[in-house]
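**Q** I need the structure of the sequence given here:
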Amino acid sequence: MIKGITFDLWDTVFIDDSDEPKRKKAGRPTKSVERRLLVYQFVNKHQQISQEKVNAAYDAQDAAFRKVWHEHHITWTVKERLEIVLKGLNATLPKNELDELIKLHEEMELEFKPDFIEGVHDAIKQLSKNYKLGVISDAIFSPGRSLRKLLEDEDLLQYFSAFVFSDEVGCSKPAECVFHAAKKSLGLEFNEIVHIGDREHNDILGPEKMGMRSILCLAALDRGSDRNRPNGFFEHYSELPKLIEKLKDI
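**A** Numbering: from 1, shown residues only. Take a look at the predicted model:
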């Protein structure tokens with residue numbers, strides 16, 4: 001019997017990069033460009049360095065981050081990422097300035113917020129009446145602290161009782177540790193939990209390996225995943241409660 005539901009966040013609850021048009025309308029650069037500009041501005045308070053060198057150091061760090069994330073299922077914190085960039089530039093910052101640079105990175109998506117997927121608010125409210133709800137999400141630049149704030153500002157945080165963010169547990173999907181953390185926090189067995197997500201490798205195969213059920217979310221985008229592998233899929237959140245109900249007594 002299904003007693004708990006865990007949700008991925010990016011492209012499952014809210015839409016990745018849907019903040020970019022808002023930034024453009026406000027005359028702001030993309031997040032990727034702004035991060036590099038910030039490092040350039042902070043470092044140039046203390047030593048002259050070109051934007052090209054900052055971009056190269058940042059690009060190298062990004063590539064290393066993605067390799068560790070995808071192959072070892074670990075997401076470096078923003079502090080760790082910026083320390084690597086600064087090391088590549090042979091530069092250092094006073095602690096207060098490094099802390100400010102980290103904060104500006106971590107809260108970038110709180111200034112221009114991503115759009116939430118149509119119907120997700122009603123679905124979460126409805127499902128919370130009969131199931132324990134949790135979040136399992138990788139944290140790339142926005143840490144768990146910022147992701148909780150995004151949910152709080154949409155009046156959704158109150159419906160969740162378990163939060164598993166990669167920056168807080170030290171590993172990311174599909175590593176077993178994230179699912180063990182969710183199971184422990186929800187106080188349920190793996191076969192009593194269904195996970196909702198948009199990525200086949202992380203959100204379908206990962207839970208399946210642990211004995212959990214899974215449902216593929218196509219409400220934000222279709223990545224071409226195998227629709228027969230999960231226990232169901234949906235294109236609009238109005239379909240989700242009925243899909244869960246079908247799994248309830250299996």
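
**Q** and for the lowest-mean-pLDDT helix or strand in the chain, what are the contacting residues?
**A** The weakest-scoring helix or strand in the chain, judged by mean pLDDT, DSSP states H and E, is helix 240-247 (a mean of 92). Residues outside helix 240-247 that contact it (C-beta atoms under 8 Å, 6 or more residues apart in numbering): 2, 5, 123, 126-127, 131, 194, 196, 213, 215, 231-232, 234. Yep, even glycine has a C-beta here, placed from its N, CA and C like the rest.

**Q** buried stuff in the longest helix along the chain?
**A** Secondary structure of the chain read by DSSP state H shows that its longest helix is helix 51-72. For helix 51-72, the neighbour count (16 or more other C-beta atoms under 10 Å) marks 54, 55, 57, 58, 61, 62, 65, 69 as buried.

**Q** please report the distance of the nearest residue to residue 205 once chain neighbours are set aside from residue 198.
**A** Take residue 205 and drop its neighbours on the chain: the residue closest to it by C-beta to C-beta, 6 or more residues apart in numbering is residue 174, 6.2 Å away. If you measure residue 174 against residue 198 using C-beta to C-beta, to the nearest Å, the figure is 13 Å.

**Q** please say which of these two ends up with more neighbours.
**A** residue 198 (24 against 19; other C-beta atoms under 10 Å).

**Q** I'd say that one and residue 215 touch.
**A** No: look at residue 198 against residue 215 with C-beta atoms under 8 Å: they stay out of range, at 10.4 Å.

**Q** mutual contacts of those two, please.
**A** Counting by C-beta under 8 Å, 6+ apart, nothing touches both residue 198 and residue 215.

**Q** can you list contacts of stretch 195-203?
**A** Against stretch 195-203 from outside (C-beta under 8 Å, 6+ apart): 5-8, 10-12, 136, 138, 173-174, 179, 204, 206-207, 212-218, 220-221, 223, 225-226, 229, 240.

**Q** I misspoke; the intended subject was stretch 100-120.
**A** 12-19, 22-23, 26, 28, 31, 34-35, 38-39, 42, 78-79, 82, 93, 141-143, 145-146, 149-150, 153-154, 219-220, 236-238.
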